[in-house]
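*Asks:* Take this sequence and fold it.
(4 chains)
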There are 4 protein chains.
Amino acid sequence: MSTDDLVSLRRDLHRKPEPAWCEFYTTARIVDELESRLGDELAALHVGPEAIAGDERLAVPDETELTGWYERARSAGIDEDVLESLEGGYTGAVAVLERGEGPTVGLRVDIDGLPRAESDDPEHVPAAEGFRSEHEGAMHACGHDAHATIGIGVLERIAESDFSGTLKVFFQPAEEVVGGGKSMAKSEHIDDIDALLAIHIGLDHPTGEIVAGIDGFLAVRHIEATFTGESAHAGGHPEQGRNAVQAMATAVQNLYGIPRHNDGRTRVNAGVVEGGTAANVIPEEARILAEVRGETTALMEYVDDHARRVVRSAAEMHACEVEFSVGAEAPSATSDQVLVDIVADVAGETPGVENVLERDELGGSEDATFLMRAVQENGGNACYVGIGTDHPGGHHTATFDVDEASIAHGVDVISGAIERIARDGA
Amino acid sequence: MSTDDLVSLRRDLHRKPEPAWCEFYTTARIVDELESRLGDELAALHVGPEAIAGDERLAVPDETELTGWYERARSAGIDEDVLESLEGGYTGAVAVLERGEGPTVGLRVDIDGLPRAESDDPEHVPAAEGFRSEHEGAMHACGHDAHATIGIGVLERIAESDFSGTLKVFFQPAEEVVGGGKSMAKSEHIDDIDALLAIHIGLDHPTGEIVAGIDGFLAVRHIEATFTGESAHAGGHPEQGRNAVQAMATAVQNLYGIPRHNDGRTRVNAGVVEGGTAANVIPEEARILAEVRGETTALMEYVDDHARRVVRSAAEMHACEVEFSVGAEAPSATSDQVLVDIVADVAGETPGVENVLERDELGGSEDATFLMRAVQENGGNACYVGIGTDHPGGHHTATFDVDEASIAHGVDVISGAIERIARDGA
Amino acid sequence: MSTDDLVSLRRDLHRKPEPAWCEFYTTARIVDELESRLGDELAALHVGPEAIAGDERLAVPDETELTGWYERARSAGIDEDVLESLEGGYTGAVAVLERGEGPTVGLRVDIDGLPRAESDDPEHVPAAEGFRSEHEGAMHACGHDAHATIGIGVLERIAESDFSGTLKVFFQPAEEVVGGGKSMAKSEHIDDIDALLAIHIGLDHPTGEIVAGIDGFLAVRHIEATFTGESAHAGGHPEQGRNAVQAMATAVQNLYGIPRHNDGRTRVNAGVVEGGTAANVIPEEARILAEVRGETTALMEYVDDHARRVVRSAAEMHACEVEFSVGAEAPSATSDQVLVDIVADVAGETPGVENVLERDELGGSEDATFLMRAVQENGGNACYVGIGTDHPGGHHTATFDVDEASIAHGVDVISGAIERIARDGA
Amino acid sequence: MSTDDLVSLRRDLHRKPEPAWCEFYTTARIVDELESRLGDELAALHVGPEAIAGDERLAVPDETELTGWYERARSAGIDEDVLESLEGGYTGAVAVLERGEGPTVGLRVDIDGLPRAESDDPEHVPAAEGFRSEHEGAMHACGHDAHATIGIGVLERIAESDFSGTLKVFFQPAEEVVGGGKSMAKSEHIDDIDALLAIHIGLDHPTGEIVAGIDGFLAVRHIEATFTGESAHAGGHPEQGRNAVQAMATAVQNLYGIPRHNDGRTRVNAGVVEGGTAANVIPEEARILAEVRGETTALMEYVDDHARRVVRSAAEMHACEVEFSVGAEAPSATSDQVLVDIVADVAGETPGVENVLERDELGGSEDATFLMRAVQENGGNACYVGIGTDHPGGHHTATFDVDEASIAHGVDVISGAIERIARDGA
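*Replies:* Below is the predicted model of the structure:
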C-alpha cells in the first residue's frame, strides 16, 4: 500500500469510529480491504464468530446499543453478507497468510473506538481536513484506526516479500473495554503462534521513536456496582427514602481515597456513574462503573478488595443493597527479550526512525496481555511494540490525533521484524 | 358520570401515564371525553397553546423526548387534529361552562404522570386488574389520573345542577416538574376567577377523610448543575484529568449536609445525577439535577444559596467549571378561610365522608400555588382541598394506587362546594 | 438585693465561668452569698453531694479536668470547707425556705459556663467594662451567670415577702452538657414539689419581653464514637494503615446528610472531632463527639439510629473498629397551662415588662425537662419561663451578653409568680 | 564500647523517648556519655544552640510542650548546666574528633522519638524486658535510640583507631517532624565536610543485611490548615453556624482523593485533625496537619498544589476562612556512588553481615537530605546507609523494636567505612 493508501484507509476508519463489540462497519471495511488487496493470496480470513471464542467475550453492550450500531453500519452501505455474520456483537477478524516453511508469527492490532465526542476545534486536524468522526459521541481517540491500517499494510507488505512461514493478523475488537483480548486468546487461532507482536501508536513517544518492548501493563478489572435503595417523595417524606445516590457519592469519594501502595502503581476510577429518576424523588437506584488497576495482579486485587469494601459499606451506610458484576479484566504481561532485540535492531535500520528505546512502561492496561500470555504459556515469545507519533492531545481526549507519517513507520518496522523473525527464528 | 364511568376513565388514563409536557394522549383523551359528554354545553374548550401562556412553561423536556411521546400518543389512535395542536409540548386544557349570573369559580386539576416504573407485584391492584402502566418507566404514581377524572366529573355534575355563574376547570400539565402552574397562572383564563379550588388525592389521608384547607406548601426550585472537567486516560495519566465525577460526588455529599434552619422546614435532594463515559476515562462531564425547598420562599432561597456555594466550591476543588440552570420553581401559598369553611361544611354533609379536617400541612410543593397566588392578588380567594384515599404505597413509589371510591367523594365534595360558593358567595 | 447587688454578683460569676461539673467556685460563691444574705432564715442549704443524686450525674469530665478547675477555684480564695465538699465534681446546691403552710414551689436555675473563649472586642461590654472571663477558653455564653443571680435574688425577695409555703431553689450544675438535670430530678428534693418554675434568659427575645411558657424542647443525646484503626508510616507503607481519620471524615460528611424528617425538627452535630498523632503517621485513632436531637423522643431516636449506622459503616469502610458511649441525654417536656396563665398574668403587671408572649418554642434542648417531668409525674405542674434580654451575639457565641436590666425583670416576674402560686394554688 | 554497653545505652534512651525539639534528656545523656567516654579526646563538643542554626529550626512545638518536656527532663536528674543550655528547644549536639591530616568525615544520626504510645504486649521485648517507654504517649518507634547509640559507638571506635583526619558526628534533633535537618545543614559545622554518611536502621531489611546506598527519598512538606467558621447553638440555630468541622471533613475526604501521578510516587496524609469545642456548638475552628510527598520535588509540589486547592475550596464551601502554615519540609537526594562502593566493600568484609545490597529505595522522607545536599553542593560526597534489623512491628507502630545485634553491625560498618574514606579518599 502506498502512503496515500494507508492515510486514506485510516481516515475512512477515523470517520466511522465504533465502540467495543459494535465494530460492524470497521470489521466489514477491513474484510473488504483485505479481499480487494490480497484476495486469493490469503490462506484464510476468519470473520466475526469464526475469529473469536464467542463465549469468552467480556463487557458486551446491551441489545439496544448493538442494534443501533448494527443499523448504522448497514445504512453506510457495507457488504450485507459480512455484516450479517457479525450480528449480535461478534466482531473482529483473523487473516492468515501461508508462505511455506517457517515459524507462525502473529500480529495483533485492535480496532475499536471510544464512546466520547471528538473536538470540532479548527486546529484539530480531523476537523480541519474533513475526516472528523461522523458518529456523534464516538471517536478514535486512541489510534486504533491507525492500528487496523498498519495491520492491513503489514499483511500486504509481507505478501509481497520473500517471507517464509505463516503470518496471522488478529484484528481484535473491544480493547477499550478490555473485552476482546480474552476471546481471541481463547480461540484456536492463537494455539500455533511461535512469536506474537502487538503494537500501539503514540503513548507520548514522538514521531520517529520506536519502543522495542513495552512492559508495565497494569492489570485491570472493571466492576459495576448497582445500588438499590427506596424512593420517597423528597419534599413530603424524605425520611422514608433510602438514598442510592448518597450511597454512590459516598462510595465515589472513598474509592478515590483508597491508600496508595508501596509495592507499585495502583489506580482506581469511577468512570461512569448515574442515579435517580426525578428532582423530587429520593433516588432509588444508582450505579458506578469503576475500574481498578495495579502494576501487578496482586496490586490490582488489593485495590479491588478495598473498592468492594468501600462500596459495600457505603451501601450499608444508606441502608441500600448493592450488587457487583465484573465487566472485563486483563492481566499483566512482559515482553520477551529475544523479540525486543529483533525489533530494536530492525527499528534502528528503518528510515524515518530516529530514536529507538529498548524498553518503556505502558502505565496503562491492555488486553493484548491475554494473547501474549497465551503464546508464552505455549512456549512462544511475545512483544509489545510502541510506534511513536506526535499526538496533540493525550490518549482518550477530544483532541487526540496521530501524525500519519508514523503509520508507515509502523508498517516498516513490524514487517521488517516479522521477516527477521522468520529468517533468524525467535 | 356514574361511578363506573369515573373508574373506567381513571383506569384508561392510568394505563397511559405521560410525563410533564408530554401529556399528548392525556390531553386529547380529556378533550374527547368532554366533547362527547358536554359537547355544545361548554362555552369554550381551550386546548394546548390556547390554554396556557406558552412562553411561561418551565422545565420543558428536549425535542427527542417530546417527539417520542408524541409519536407514542399518535400510535394510540387519538384524534389527530387535537394531537397536532399540542405539538412541541403545548399540553393541557381549560374547559369553560357559563350558566348565567354569578361568580366565576375555578377548579384546577393536574394531569401528568411520573418517570418511574410501576410495580408488577400481583398485590398491586393495577397489575392484578390489568390497568398497570403500558408505558414502561412511566407511572401515575401520584394520583393525577384521578384528579383529571374528578375534573371531568365535576364539570358534568355542575352542568346538570342549578349552578348559576361560570365554572372553569384547568387541566394543568407538568405539575410533577413544577413546570405547568406558572403557564396557567399567566394565561388570561385566570384573570376573572373569583374563587379557585385545587385538589389533591391521598397525602396519607384515608378514604372518607377530607382536608378542607391545605397549607404548608414548600416553595421549590429545580437547579441543574453541569460540571465540566477534563478527561484523561485513567490508567496512564490520571494526573492529567480534572474529574467531574469527583466534583459531583463531593457536591452531593455536602448538599445533603446543608444546615437545617430554625425557622422551618427545608429540603434538598440530588434527584438525578450522572457523569462519565467509560470505565477507563477520567470523567469530563457530570450533572446534578437538584431540588431545593423551604417552608417559605426565604427558606428556599437559604437552601438555594447554600446549594450553589456547595456546587461551585466542589467544582473548584476539582478544577472543574460548573454551570447552573433553573428548571422550575413554585412559591408557597395559603388557603383562604372563607373557602376552607365552605368546603368543610359541604364535606361534613357529604355521604361517604367520615372525617373532616379543617387544616393540614402539605409538606411538599405544588405549582397550584402560582394559580392560587394569581387569584389572591386579583382579590379572589383560593383553597387547596385534600381528598383522602387509602393508598398502599407512598406517593411517588412503585406501589402507589388510589382507592377508587374516593374519586366519587372528590366529585361530590368539590361540586357541592362550587354550588355553595355560587349560592353564598366567597 | 438592689439592682446594683444583682449586677455586681452577676459580673463576679461572669468573670469566673466554669464548665459542667467543675462549678467549684460558682457553687461556693452561691453558698457564700446565700449564707451572708439569708443565713439562719434558710431551713436548709444542701450543697454538692447533698444536693444531687451523685450516681445519676451524666457527662462528668475526667479527673484531670476536674482537678484543674478545682485547683483554680482553690486559688481564688474561696471557702475551703465548701470547696472540699464538692471534690470530684459534685457541684450544685439546693436552698430551702420554709414559711408555714402552703404549697412547695421549686425554682430551677442552672449555673455552668461553656468551654469557649470570650470575645475581647472593645465593643463587647464585659471586655469594655472589665468583667470579661478570667478563665481563658471558658465563658458564660448562655447567661447562666444571670440565672444563678436571679435564683438568689428570688430567694431573698420571697424571704422578705408574706409568702406562705415552701420555696426550694435548685442551683443546677452541668446543664450545658445535659448532664446535671437528671441528678437533681433523681434527688429526694424534687419529690414534694407542687409547682416548678425554670427560667432562661434571652432566647432571641428582647429586654422587656416575657414568654410565659416555653415548649418545643428538643430531646437530645450525646454520643461519642471512638474509631480504632492501625497506624503505619504514611510515606513508606500507606497500604498498611487502617485510617481512623478517613473513617471519621466519612462519618462526619454523612452524619450531616441524615435525611430530614417530615414529623418535625431533627438535629445532628459533630461538635468535637479529633484524630491522629503526627503528620507522617496514618492515624490509628479518631473520635467524634456528636449530638442528636429531635422534636420528640421518637425523632431523636430516628437520628440516633441513622447516626450509628453511618458511623458503623464508615468504620467498616476503612477497616476500623468503632465503639460508642452515651454521654448525656434529656427528654422533651411541655409547660402546664395553669402555670403559664399565672406567669402571664404576673408578667403583664410587672413594671418594665412591655410584652408578654403566652407560648414559644425553645428549638433547643434542656435538661430542666428531667425536673419538669419528675414533678409532672408526681402530679405537680411545671413551667419553663423565658426572660427576654437584648443579647448582641447569639447564644454560645463569643459576643453573647445579657442586658443586665433584665435580671431585675426575672426576679420580679418569678417572685411574683411564686407568691401568686402560693396564694391561688397551681 | 562493649556490646553490653551499646545495648545498655540504647535501652536507657529507649526508656525516655522525647519528641522533636524536646530531646532535653536525650541530648544531655549523649553529652554525658561522650564526656565520660572521650572527655578531653574530643576537639570540640557543640551542644544545643552551638550545634545548630537556631533560626532555621522548623516545626518547633509551642512553649507549653517545650516546658513540659523540659521539666520532665530536669526531674530525671540530668546535668542542669547542659539542660539549661538547651532551653527553648535548642537541642542536638555535634562532637568533633581531630586526628591529624586527612579528610573531614561527617556522620549524621538522629535522636528524637515519636508522639505515639508504645505497646505493652508481653511479646513486645521492651515491655517484657523492662525498658518500655516511661513517657506515656511517646515512643522510640523508629530506632533513633539505636542511631544515637551507634553515633557514640563510632566516635569511641574511631578514637581508638589509627584514623587520620577529622570526624564530626551530628546528633540531629527533630527528624520525625522533618524539622532539624535544615538547622544542622545551615550551621557552620557542615561547611568543611568532605564525605557525609547518614544511617537508618531497619527499613524492612533483616539483621545482617546492609544497604550501601539508599535513594528514593520522598520530598516532603508539612502543611497545617486552620479553618475558622462561626459557632452557633447546634439545636437552636444551626443555620447561623459556619461549620469548620464540615469543611475539614470535606477536605480530608478529598485530600486522599488527589489523583495519583504517572511520573512517580506521591503521598498525602491528614495525620492530625481536630475541631470543635462542645457537642452542642456548631464547630467554629478546625485544623488539619497534613503531609504531602513526592518521589521528586516536582511531584511533591503537584500534591501540594492540589491539597491547597482542596482545602481552600472545602473552606469556601462551608463559608469558612482557612489559613495555611508550612511546618517542615525536606528535599530529595541521592547517594554518591564513590561512597556507596566503599560502604559496600567494607560491609562485605564485616563479620555478621550476611548480605549487602548496593542500592535500595527509601520510600519515605528524611531531612538528612538537607545535610547531604549541603555537602554535595560544597563539592563533597554523601551517602545514606541502611543497617538491617529484624523489627517485629513496622516503623512508627506500637510494636516496633530493633534487634540489638544490629547496633554492633552499624558501629562496625560505619567505623570501617570512615577509616577507609580517610585512607583511600572519597
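*Asks:* could you pull out the strands for the stretch 101-250 of chain A?
*Replies:* Remark: strands assigned in the stretch 101-250 of chain A by DSSP state E, counting those that start in this stretch are A:104-110, A:165-172, A:195-201, A:209-215, A:219-228.
*Asks:* SS state for residue A:29?
*Replies:* helix (DSSP: H, G, I helix; E, B strand; the rest coil).
*Asks:* Take the strands of the stretch 101-250 of chain A and write them to TSV, including mean pLDDT.
*Replies:* Below are the strands of the stretch 101-250 of chain A laid out as TSV (pLDDT from 0 to 100):
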stretch	mean pLDDT
strand A:104-110	98
strand A:165-172	98
strand A:195-201	98
strand A:209-215	96
strand A:219-228	96
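*Asks:* Just put these in CSV and tack on mean neighbour count and distance to residue D:230.
*Replies:* C-beta coordinates here come from the backbone N, C-alpha and C atoms, glycine included. Formatted as CSV, the strands of the stretch 101-250 of chain A follow (neighbours: other CB atoms under 10 Å in any protein chain shown; distance: least, CB to CB, whole Å):
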stretch, mean neighbour count, distance to residue D:230
strand A:104-110, 27, 57
strand A:165-172, 27, 60
strand A:195-201, 27, 55
strand A:209-215, 24, 55
strand A:219-228, 23, 36
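*Asks:* Please produce a markdown table containing those, extended by distance to chain C.
*Replies:* Converted to a markdown table, the strands of the stretch 101-250 of chain A look like this (distance: least, CB to the nearest CB, whole Å):
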| stretch | distance to chain C |
| --- | --- |
| strand A:104-110 | 33 |
| strand A:165-172 | 34 |
| strand A:195-201 | 30 |
| strand A:209-215 | 23 |
| strand A:219-228 | 13 |
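*Asks:* In a helix, residue A:34, correct?
*Replies:* Yes. Applying three-state DSSP, one finds residue A:34 inside a helix.
*Asks:* Okay, strands next: where are they in the stretch 251-400 of chain A?
*Replies:* A:266-275, A:285-294, A:321-330, A:355-361, A:381-387.
*Asks:* who does the fourth one touch, helix- and strand-wise?
*Replies:* This means strand A:355-361. Secondary-structure packing of strand A:355-361 (3 or more CB pairs under 8 Å, 6 or more residues apart in numbering or on different chains; DSSP states H and E): strand A:209-215, helix A:337-348.
*Asks:* Do any residues in the shortest one lie close to chain D?
*Replies:* Going back to what we said before, that points to strand A:209-215. No. Using CB under 8 Å from any CB of the partner chain, strand A:209-215 stays clear of chain D, coming no nearer than 14.4 Å.
*Asks:* returning to what we had before: out of the strands of the stretch 101-250 of chain A, which comes closest to chain B?
*Replies:* strand A:219-228 (4.7 Å; CB to the nearest CB).
*Asks:* how about the nearest residue to the residue in the stretch 51-200 of chain A that chain D sits nearest to, chain neighbours excluded?
*Replies:* Here the stretch 51-200 of chain A gets closest to chain D at one residue, residue A:200, 15.7 Å apart by CB to the nearest CB. In space, and not counting its chain neighbours, residue A:200 is closest to residue A:386: 5.8 Å by CB to CB, 6 or more residues apart in numbering or on different chains.
*Asks:* repeat for residue A:360
*Replies:* Residue A:360 sits nearest to residue A:211 (CB to CB, 6+ apart), 4.6 Å away.
*Asks:* End to end on stretch A:151-167, go ahead and measure it.
*Replies:* Terminal residues of stretch A:151-167 lie 11 Å apart, using CA to CA, to the nearest Å.
*Asks:* pLDDT wise, what is residue A:37 at?
*Replies:* pLDDT, residue A:37: 95.
*Asks:* Next, work out how far apart it and residue A:142 are.
*Replies:* In this view, residue A:37 and residue A:142 are 25 Å apart by CB to CB, to the nearest Å.
*Asks:* Comparing the two, which residue is more hemmed in?
*Replies:* residue A:142 (30 against 17; other CB atoms under 10 Å in any protein chain shown).
*Asks:* pretty sure that one contacts residue A:400?
*Replies:* Yes. Counting by CB atoms under 8 Å, residue A:142 touches residue A:400, with 6.9 Å between them.
*Asks:* if we can go back for a sec, may I see the helices and strands packed on strand A:355-361 organised as CSV, with distance to residue A:250 added?
*Replies:* Shown next, in CSV, are the helices and strands packed on strand A:355-361 (distance: least, CB to CB, whole Å):
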stretch, distance to residue A:250
strand A:209-215, 37
helix A:337-348, 46
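*Asks:* To residue D:169, which of these lies closest?
*Replies:* For the helices and strands packed on strand A:355-361, proximity to residue D:169 was assessed by CB to CB; strand A:209-215 is nearest, at 44.4 Å.
*Asks:* Determine the set of other helices and strands touching that closest one.
*Replies:* Under the contact criterion of 3+ CB pairs under 8 Å, 6+ apart, strand A:209-215 touches helix A:337-348, strand A:355-361, strand A:381-387.
*Asks:* what's the overlap in contacts for residue A:142 and residue A:400?
*Replies:* Taking CB atoms under 8 Å, 6 or more residues apart in numbering or on different chains as the contact rule, the neighbours common to residue A:142 and residue A:400 are residue A:202.
*Asks:* Could you say which of the helices and strands packed on strand A:209-215 is packed most deeply?
*Replies:* strand A:381-387 (a mean of 26; mean count of other CB atoms under 10 Å in any protein chain shown).
*Asks:* Around chain B, pick out the residues from the stretch 1-150 of chain A.
*Replies:* Counting by CB under 8 Å from any CB, the stretch 1-150 of chain A sits next to chain B at A:114-116.
*Asks:* related to what we said a few turns ago, ok, which of the helices and strands packed on strand A:355-361 comes nearest residue B:345?
*Replies:* Among these, strand A:209-215 sits nearest to residue B:345 (CB to CB), with 85.1 Å.
*Asks:* Within the sheet, what are the partner strands of the closest one, with directions?
*Replies:* strand A:355-361 (parallel), strand A:381-387 (antiparallel) (DSSP bridges).
*Asks:* worst average pLDDT in these?
*Replies:* Among these, strand A:355-361 carries the lowest mean pLDDT (a mean of 94).
*Asks:* Let me know the angle separating it from helix A:337-348.
*Replies:* Counting by axes from the mean of the first three to the mean of the last three CA atoms, to 10 degrees, strand A:355-361 lies at 150 degrees to helix A:337-348.
*Asks:* quick one: strand A:355-361 to chain centroid distance?
*Replies:* A distance of 21 Å separates the centroid of the chain from that of strand A:355-361, by CA atoms, centre = their mean, to the nearest Å.
*Asks:* CA atoms of it as PDB?
*Replies:* These are the backbone C-alpha positions of strand A:355-361, laid out as PDB (Å, rounded to 0.1, in the frame of the first residue of the first chain):
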ATOM      1  CA  ASN A 355      15.300   7.000  18.100                       C
ATOM      2  CA  VAL A 356      14.900   3.500  19.500                       C
ATOM      3  CA  LEU A 357      14.200   2.900  23.100                       C
ATOM      4  CA  GLU A 358      14.700  -0.700  24.200                       C
ATOM      5  CA  ARG A 359      12.100  -0.700  26.900                       C
ATOM      6  CA  ASP A 360       9.400   1.500  28.400                       C
ATOM      7  CA  GLU A 361       6.500   1.200  30.700                       C
END
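*Asks:* now the spatially most central residue of chain A, nearest residue through space, not along the chain?
*Replies:* Central residue of chain A (CA atoms, centre = their mean): residue A:175, 2.3 Å from the mean position. Leaving aside its sequence neighbours, residue A:175 sits nearest to residue A:110 (CB to CB, 6+ apart; 3.7 Å).
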